[in-house]
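Asker: got a sequence here, can you model it:
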Amino acid sequence: MTMPPGILISAPSSGTGKTTVMLGLLRALAEDGLQVQPFKSGPDYIDPAFHHAAARRPAFNLDTWAMPPDLAGGISEQAQGADIVVAEGSMGLFDGVATRGENGFGSSAETALMMGWPVVLVIDVGGQAQSAAATALGFKTYNPDLPFAGVILNRCASPRHERLARLGMDKAGVNVLGVLPRRGDLTLPERHLGLIQAVEHPDLEEAINGYASFLREHVDLEAIKSAARAGDAKTGNLPKPPAQRIALARDAAFSFTYPHLLTGWRDAGAEILPFSPLADEAPDPSADLVWLPGGYPELHAGKLAANQTYLNGVRKHAQTKPVHGECGGYMALGTALIDKDGTRHEMAGLLGLVTSYEKRKFHLGYRQATLNAPMLGFDTGARLRGHEFHYTTILKEPDEPLAQVGDADGNPVPETGSIKGQVTGTFFHLIAEATS
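Answerer: Numbers count the residues shown, from 1 in each chain. Here you go, the predicted structure:
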């Protein structure tokens, strides 16, 4: 397979505005008639939906910690037919974990190196001028093997500020691809897990069009396109489906699914049967498996507790066939969910799990798990890689632990997941099966 040329948008740290740049660039290039393939480096499951909306082409995650080479290759093949690839990094360019995973430590720099994509670094120059060049130079030279296309200077206060910042970049030999003036309205709404979901944005199209116009005015798009490079073509395989007919909860309460999973399942011939718990829909009775993915059930707990068609349908399915929940889906399969106001809402009751948002505790990081029982088509003893990100406190978890779970460094974590009869649940979002 011939890989289209690509670039990776990154930054020294989170909060520099790279997502705004990413969305504006995706839409501007698409408006120019290009087929643009978006990717997200790392385990973020919210950004790909925004990327899809901006590029009008499905986005996929690439993860050097969690994904074996074969899976990364299969995901990269999704760029076939595109004219250009634009990927977005996570956190800072070189940020990863301490212990190596399948391909690396999980940094965006590793993704760029693996794929051969030059880096465009978005630097927030607020509060500095020539000094920003020292940051840029450090990132450019930190790994001499990493191709470095240049920088976009964000939140520039004035023409004088721009002139001083450019002087520093010229002295450091860093290519300036654009300068974005400070604008307080160019932000995406957020909640406790970061950005709100794309489906919840009050006017996403208008926002993305605004980002694209802003990028056109202040960034050299031709220079960006010229900086893109095609790396070595990768090949591989996407995950196989755990069942032939999969009833998938999908609405504002359950929306966090990694795109490579669903694409792999569909490509292998599985049928995905969406249903909406919020609309009080039951899963298709003919489904072989019911899967409740992550999301924000805590924001809709009262409605979910009242929707008896949905609840009875999931309960009936669990009598004879498997049901699995991830994170928010796991909580919804439990006995009760206590919201931030302390109100208790009865959930499906298929597991004994009781969780609370009134007593918030931050859980974030990669997870590695060894299964104590079968789950989603994986056998007992299978070793899985995933990611956990939530603020839930477990008040009660009486069922048998589904897996032995540790963080990226192998330290045990108490969120082991649960199994009871045909029902399983985990707090981590599955990314891949480990191969080494």
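Asker: how near is Gly421 to His317?
Answerer: Computed with CB to CB, to the nearest Å, the distance linking Gly421 and His317 is 12 Å. Quick note: C-beta positions are derived from backbone N, CA and C, even for glycine.
Asker: typo on my end, it should be Leu376
Answerer: Leu376 sits 15 Å away from His317, going by CB to CB.
Asker: so the residue nearest to Ala434 when sequence neighbours are not counted bridges to which residues?
Answerer: Once its chain neighbours are removed from consideration, Ala434 has its nearest residue in Arg383; the separation is 4.1 Å (CB to CB, 6 or more residues apart in numbering). Counting by DSSP bridges, Arg383 forms beta bridges with Thr370.
Asker: what's around Arg383, how many residues?
Answerer: Taking other CB atoms under 10 Å as the neighbour definition, Arg383 ends up with a count of 15.
Asker: surely it and Gln368 touch.
Answerer: Yes: here Arg383 reaches Gln368: they are 6.8 Å apart, a contact under CB atoms under 8 Å.
Asker: residue farthest from the centroid of the chain?
Answerer: Of all residues in the chain, Arg160 has its C-alpha farthest from the mean position, at 37.9 Å, by CA atoms, centre = their mean.
Asker: let me know the pLDDT of that residue.
Answerer: The predicted local distance difference test score for Arg160 is 98.
Asker: surely it forms part of a strand?
Answerer: No: Arg160: not assigned to a strand; according to DSSP: H, G, I helix; E, B strand; the rest coil it is helix.
Asker: neighbour-wise, which of Gly421 and His317 wins?
Answerer: Each of Gly421 and His317 has its neighbours counted (other CB under 10 Å); His317 has more, 23 against 13.
Asker: what's near enough to touch the more buried one?
Answerer: For His317, the set of contacting residues under the criterion of CB atoms under 8 Å, 6 or more residues apart in numbering consists of 247, 283, 285, 287, 290, 323.
Asker: apply 7 Å and report the result again.
Answerer: 283, 287, 290, 323 (CB atoms under 7 Å, 6 or more residues apart in numbering).
Asker: those into a markdown table, with extra columns for secondary structure?
Answerer: Output for the contacts of His317, formatted as a markdown table (three-state DSSP):
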| residue | secondary structure |
| --- | --- |
| Pro283 | coil |
| Ala287 | coil |
| Val290 | strand |
| Val323 | strand |
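Asker: between those residues, which has the most around it?
Answerer: For the contacts of His317, counting by other CB under 10 Å, the largest number of neighbours falls to Val290: 28 neighbours.
Asker: ok, which stretches of the stretch 101-250 of the chain are strands?
Answerer: Applying DSSP state E, counting those that start in this stretch to the stretch 101-250 of the chain gives strands spanning 119-124, 148-156, 176-181, 190-191, 194-195, 245-249.
Asker: shared neighbours of Arg383 and Gln368, anything?
Answerer: Ala434.
Asker: sorry, back to before: pick the most deeply packed of the strands of the stretch 101-250 of the chain.
Answerer: strand 119-124 (a mean of 26; mean count of other CB atoms under 10 Å).
Asker: can you list the strands that it pairs with?
Answerer: When DSSP bridges is applied, strand 119-124 pairs with strand 6-10 (parallel), strand 148-156 (parallel).
Asker: of those strands, which is nearest Glu205?
Answerer: Ranking those by distance to Glu205, with CB to CB as the measure, places strand 6-10 first at 21.0 Å.
Asker: ok now that closest one, how far from the chain's centre?
Answerer: Distance of strand 6-10 from its chain centroid, counting by CA atoms, centre = their mean, to the nearest Å, is 16 Å.
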